[in-house]
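Enquirer: quick check, what structure comes out for this input:
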Amino acid sequence: MSRLGIVAGGGDLPMAVARRCQAEGRPFFVVRIKGFADSALGRYEGADSRIGEFGRTIKLLKAAGCEAVCFAGVVQRPDFRDMKPDLKGAAVLPGMIAAATKGDDALLRYVLGVFEAEGFAIEGADQVLGGETAPVGALGRHAPDEAALADLRKALEVARATGELDIGQGAVVCDGLVLAVEAQEGTDAMLARVAGLPETLRGRPDARRGALAKAPKPIQDERVDMPVIGVRTIEGAAAAGLAGVAGMAGKLILIDREAIIEAADRLGLFVWGEDHR
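Expert: Okay, the predicted model is just below:
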């Protein structure tokens, strides 16, 4: 197997990718993005690099013998005025700034293009994880009733619509009312916001209502920034009184499938993959 370079941002996804490589015996090297990557990634062979240090990152990956690169984890859009790019970073910075004016997806595509031009193949996290995505239907003991199905389908519709505008990937709907749309704050913060709403608008632990749904942006390159859920997502949805979490089957990455099922079953939530064919 070719050696994989994992360019790691925040969250649980980079660890999941590294663990999968380790379990399969695939050689890998982790470039930890300073200020974002989890310190636990330090247990694996790798090095630190800052946003804007394109030259350093590329040299590290090539020196490690990486032929493919996987971008995994959350990296907030940088303040280009405060970046301290290296020589390669300075060369690509004008293109990054121009791409960023067209939205996050254009920026991501530009960054992928920089690495492809250096000869790296780009692998999506879902590819590395062996297709660990939501299946069609319920995952676990609980399934949505008719009201919850209506909510999750409207939430998916909203998520796709906002994704078309390059805003975010998630939305929360309860009894047909849109409670929240994800933007730059991320899913966890959005769910915390919903948890702060009056219980007249959302569910509660003994009477769960509503659903979180995540969908890929129709305009995005699915090799990077595919929607992701993990145990924290389930716990956040539970704290917000929601009945469950949903996504498009095959297009929602599951970080630790068994742990997600255990948490959802224990907390009484459904996890649902909507058939979008």
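Enquirer: rest of the way, CA atoms for contacts and neighbours
Expert: Fine.
Enquirer: so how far is the longest helix seen in the chain from its chain's centroid?
Expert: Ranked by residue count, the top helix of the chain under DSSP state H comes out as helix 146-164. Averaging C-alpha positions (CA atoms, centre = their mean, to the nearest Å) puts helix 146-164 18 Å from its chain's average.
Enquirer: now for it, which elements pack on it?
Expert: Counting by 3 or more CA pairs under 8 Å, 6 or more residues apart in numbering; DSSP states H and E, the packing neighbours recorded for helix 146-164 are strand 170-174, strand 177-181, strand 211-214, strand 244-248.
Enquirer: any idea of the mean pLDDT for the shortest one?
Expert: Mean per-residue pLDDT for strand 211-214: 97.
Enquirer: parallel or antiparallel, which strands does it pair with?
Expert: If you go by DSSP bridges, strand 211-214 pairs up with strand 170-174 (antiparallel), strand 244-248 (parallel).
Enquirer: same list, those strands, but as JSON lines with mean neighbour count please.
Expert: Shown next, in JSON lines, are the strands paired with strand 211-214 (neighbours: other CA atoms under 10 Å):
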{"stretch": "strand 170-174", "mean neighbour count": "28"}
{"stretch": "strand 244-248", "mean neighbour count": "28"}
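Enquirer: mind putting those in TSV, distance to Val111 and mean pLDDT included?
Expert: Formatted as TSV, the strands paired with strand 211-214 follow (distance: least, CA to CA, whole Å; pLDDT from 0 to 100):
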stretch	distance to Val111	mean pLDDT
strand 170-174	23	97
strand 244-248	26	97
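Enquirer: next, format those strands as JSON lines and append distance to Leu197.
Expert: Listed next are those as JSON lines, based on distance: least, CA to CA, whole Å:
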{"stretch": "strand 170-174", "distance to Leu197": "12"}
{"stretch": "strand 244-248", "distance to Leu197": "17"}
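Enquirer: which residues of the chain score low on pLDDT?
Expert: 277 (pLDDT under 70).
Enquirer: what about the helices in it?
Expert: 13-24, 54-63, 87-100, 104-117, 125-128, 146-164, 187-195, 231-239, 257-267.
Enquirer: residues of the last one that come out buried?
Expert: Burial within helix 257-267, assessed by neighbour count using 16 or more other CA atoms under 10 Å, is assigned to Arg257, Ile260, Ile261, Ala263, Ala264, Asp265, Leu267.
Enquirer: what about the closest residue to Asp104 other than its chain neighbours, neighbour count?
Expert: Spatial nearest neighbour of Asp104, excluding adjacent residues (CA to CA, 6 or more residues apart in numbering): Asp166 at 6.6 Å. Number of residues near Asp166 (other CA atoms under 10 Å) recorded here: 19.
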